[in-house]
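Peer 1: have a look; sequence and predicted model below, questions after that.
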Amino acid sequence: MRDPRPGLPWSRRRAQRRVDYATWMASAAWRQRRADWHERWVATFGSEPVCLVCGKSWTLRNGDLHHRSYRRLGHEGDADLIPLCRTPCHQQLHRILESNPAWLKLGRVHATDVIIAHLRAEARHRENANG
């Protein structure tokens, strides 16, 4: 989660969600959830996960699971989580998502899916231009 913009007041509820998120992401339960997600991915698809933007190998050590939604934080379904490489793909996604409030008006799930499609198209374009 990003830091609040200067001068933008945060409600107690929003501040509490931020604390809840930070607590969950630092927990042993989240690390286990990531490991379980990874195990199910391999069992379902028969291969290791890849970043859904650039296609590079995704591992528990170097990858992030992006939350398409925070509604079920702590009880995420596999469809709530998207494998992304930390740098640059996950950072790019958040930079775009947080650049304009209009993205969140679409809803986090829809905005995430649209941004990922855009980033994938850019990655394919760069690959074709270089290859």
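Peer 2: Received the coordinates, thanks.
Peer 1: neighbouring contacts of the longest helix anywhere in the chain?
Peer 2: Among all segments of the chain classified by DSSP state H, the helix with the greatest residue count is helix 108-130. With contact meaning CB atoms under 8 Å, 6 or more residues apart in numbering, helix 108-130 is reached by 52-55, 66-70, 82, 89, 92-93, 96-97, 103-104, 106. Just so you know, the C-beta spots here come from the backbone N, C-alpha and C atoms, and that holds for glycine as well.
Peer 1: make a ChimeraX selection of the buried ones in these.
Peer 2: Remark: buried members of the contacts of helix 108-130, expressed as a ChimeraX selection using 16 or more other CB atoms under 10 Å:
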select :52,53,54,66,67,68,82,89,92,93,96,97,103
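Peer 1: chain center to the longest helix of the chain: distance?
Peer 2: 14 Å (CA atoms, centre = their mean, to the nearest Å).
Peer 1: got the CA coordinates for that helix in CSV?
Peer 2: The C-alpha atoms that make up helix 108-130 are tabulated as CSV, following Å, rounded to 0.1, in the frame of the first residue of the first chain:
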residue,chain,number,x,y,z
ARG,A,108,-9.5,-3.0,-8.0
VAL,A,109,-10.2,-6.3,-9.7
HIS,A,110,-11.1,-4.8,-13.1
ALA,A,111,-8.4,-2.1,-13.0
THR,A,112,-5.8,-4.7,-12.1
ASP,A,113,-6.8,-6.9,-15.1
VAL,A,114,-6.8,-4.0,-17.5
ILE,A,115,-3.4,-2.8,-16.4
ILE,A,116,-1.9,-6.2,-16.6
ALA,A,117,-3.2,-6.7,-20.1
HIS,A,118,-1.7,-3.3,-21.0
LEU,A,119,1.7,-4.2,-19.4
ARG,A,120,1.7,-7.6,-21.2
ALA,A,121,1.0,-5.9,-24.5
GLU,A,122,3.9,-3.5,-23.9
ALA,A,123,6.2,-6.4,-23.0
ARG,A,124,5.3,-8.3,-26.2
HIS,A,125,5.8,-5.1,-28.2
ARG,A,126,9.3,-4.6,-26.7
GLU,A,127,10.1,-8.3,-27.3
ASN,A,128,9.0,-8.1,-30.9
ALA,A,129,11.0,-4.9,-31.5
ASN,A,130,14.1,-6.5,-30.0
